[in-house]
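Trainee: This is a predicted model, with the sequence first.
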Amino acid sequence: MIGHASPWPSAGSQATQQASLCEVLLWIASDTFHWLHNGHHRYPPAPGEESFTDMNIRHLRQLLGSRVKVFQFNKDQERQNGADWEMWIHNRSHGVGLRIQAKKASKHGRFPFDHKVRKQNAYQCDLLVRHALAVRCVPVYLLYNHWDWQGGDEAEAARAKRLCGHVTPDGSHHGCTLLSAYSVQSEVGRKAHGYSLRHKVLWGESLPWNRVLCDRRSTTGSSPSRSGADVLTDIFTTVKGLTLMGLARASTHSSELTPSRGTWGDAEHVQSLHENGADNALAVLRDGPHRLPPHVLQLLEAHEAEPPPPPVPTVATVLVEVSDERARTLPQQFEGCVRYR
């Protein structure tokens, strides 16, 4: 029987309202890590990507309470745009938006990064980037990981502890990591030119999502003094760094575009599209957190059961608020490490 030392506050309790985003993401990552390990090794089969995504969104809703709004849409529409869901960290006027495609590690640590959407005759990574920029979001992959395919590398787990304040003792904070979609585009482009797809390299470029989207950077002092704007700026800076790493990789391999990008015209036209895409990506990252786009402002005022249709189809949109009064709320003691036996 799977069990864990429960970190769950009772539903609707004050503790539920006070859990920080950083703590909740850490807990979700740990739960995903062990759930996937057990699915591959002890209680097969492993759950699918959709099951992980549905459960993790449910955890966000349950543990963050009134800080979060979740809107579910038609899941069949995912095939049109290469995204599972959209997430905005916001203070009701400005925010950081992510368009997220989830990928689950196989038993041996492989991911279907080169998935092609046949109806669109395009690679999923290209659709993800294209439609993310259409709604002023940063395109990312959310990797669901387990430790085994690293060969039980305890040294790697020990090294990860240098993240300081974002870790679990067993390394299970790597259960959910974020990777720039531009890194995936670059690697899929290399594969199209005859190279092997380097799963471990891409995994190594990903970062634990609780580290990227953390609303509690400082551990000094007895009470937080950072405003919601400070929280957003920190998250924006980390997301920008992750994206710039992907763009730098893509520029290094600019001649190795994915086939679905390379079929749009001659070489000169393709290069122009590549450069314009980089310009659009940088525009999303310019000048700090942006004003919320109209569709997000509409969702803030909408009822979760009756959302307006999104401008670009997606499975779900999650809105997490970090405005001043919420950013300054002290979290309760919260157990971040899920313990299994």
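Mentor: All right, it came through fine. As the structure is a prediction and not an experimental result, all values here were calculated from the model.

Trainee: give me phi/psi at the most centrally placed residue in the chain?
Mentor: Nearest to the mean C-alpha position of the chain, counting by C-alpha atoms, centre = their mean, stands Leu142 at 4.3 Å. The phi/psi pair for Leu142 (degrees, to the nearest 10) reads phi -100, psi 110.

Trainee: Let me know the helix or strand that Arg286 is in.
Mentor: Secondary structure from DSSP states H and E places Arg286 outside every helix and strand.

Trainee: Show the pLDDT at it.
Mentor: At Arg286, the model reports a pLDDT of 88.

Trainee: hmm, back to that, shouldn't the residue nearest to the centre of the chain be in contact with Arg99?
Mentor: No. Leu142 is beyond contact range of Arg99, at 10.5 Å (criterion: C-beta atoms under 8 Å). C-beta: built from backbone N, CA, C; applies to glycine.

Trainee: Can you give the distance of stretch 96-107 from its chain's centre?
Mentor: 6 Å (C-alpha atoms, centre = their mean, to the nearest Å).

Trainee: Could I get the contacting residues of Thr233?
Mentor: Residues near Thr233 by C-beta atoms under 8 Å, 6 or more residues apart in numbering: 288-289.

Trainee: C-alpha coordinates for stretch 173-191, CSV please?
Mentor: The C-alpha trace of stretch 173-191 is given here as CSV (Å, rounded to 0.1, in the frame of the first residue of the first chain):
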residue,chain,number,x,y,z
HIS,A,173,11.7,18.0,-6.1
HIS,A,174,12.8,16.9,-9.6
GLY,A,175,9.4,15.2,-10.0
CYS,A,176,8.1,18.3,-12.0
THR,A,177,10.7,20.3,-14.0
LEU,A,178,10.3,23.1,-16.5
LEU,A,179,12.2,23.2,-19.8
SER,A,180,12.1,25.9,-22.5
ALA,A,181,10.2,24.9,-25.6
TYR,A,182,13.0,26.5,-27.6
SER,A,183,15.4,23.9,-26.3
VAL,A,184,13.1,21.2,-27.5
GLN,A,185,12.7,22.8,-30.9
SER,A,186,16.5,22.9,-31.3
GLU,A,187,16.9,19.2,-30.3
VAL,A,188,14.1,18.0,-32.5
GLY,A,189,15.7,20.0,-35.3
ARG,A,190,19.0,18.2,-34.7
LYS,A,191,17.2,14.8,-34.8
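
Trainee: and it, how far from the chain's centre?
Mentor: 11 Å.

Trainee: And that stretch, what's buried?
Mentor: Neighbour counts over stretch 173-191 (16 or more other C-beta atoms under 10 Å) mark 173-191 as buried.

Trainee: Could you do stretch 198-216 as well?
Mentor: Buried residues in stretch 198-216, defined by neighbour count with 16+ other C-beta under 10 Å: 199, 202-203, 205-216.

Trainee: swap in stretch 228-247?
Mentor: Result for stretch 228-247 [16+ other C-beta under 10 Å]: buried residues 228-236, 238-240, 242-243, 245-247.

Trainee: Please flag which of the residues you listed sit within strands.
Mentor: In strands, judged by DSSP state E, none of the buried residues of stretch 228-247 are found.

Trainee: For the residue nearest to the centre of the chain, name its beta-bridge partners.
Mentor: Counting by DSSP bridges, Leu142 forms beta bridges with Ala102, Leu178.

Trainee: give the contact list for it.
Mentor: Counting by C-beta under 8 Å, 6+ apart, Leu142 has contacts 84, 100-103, 176-179, 209.

Trainee: tell me the two of these that are most distant?
Mentor: Asp84 and Thr177 (15.0 Å; C-beta to C-beta).

Trainee: just checking, what packs against the helix or strand harbouring Ile57?
Mentor: Take DSSP H and E as the rule and Ile57 turns out to sit in helix 49-64. Packing contacts for helix 49-64, counted by 3 or more C-beta pairs under 8 Å, 6 or more residues apart in numbering; DSSP states H and E, involve helix 14-18, helix 21-41, strand 68-72, strand 94-104, strand 316-321.

Trainee: From the chain's centroid, how far away is the following helix or strand past the fourth one?
Mentor: Counting by DSSP H and E, the element after strand 94-104 in chain order, helix or strand, is strand 116-117. When C-alpha coordinates are averaged (C-alpha atoms, centre = their mean), strand 116-117 and its chain have centres 21 Å apart.

Trainee: partner strands of strand 116-117, parallel or antiparallel?
Mentor: By DSSP bridges, strand 116-117 pairs with strand 122-123 (antiparallel).

Trainee: tell me the mean pLDDT over whatever helix or strand comes next after the partner strand?
Mentor: Using DSSP H and E, the helix or strand that follows strand 122-123 in sequence is helix 124-134. For helix 124-134, the mean pLDDT works out to 92.

Trainee: and the direction of helix 124-134 versus that of strand 94-104, what angle?
Mentor: With axes from the mean of the first three to the mean of the last three C-alpha atoms, to 10 degrees applied, the angle from helix 124-134 to strand 94-104 works out at 170 degrees.

Trainee: If you count neighbours, what's buried in helix 124-134?
Mentor: Result for helix 124-134 [16+ other C-beta under 10 Å]: buried residues 124-133.

Trainee: One more: stretch 34-54?
Mentor: Buried residues in stretch 34-54 (16+ other C-beta under 10 Å): 34-40, 46-47, 49, 52-54.
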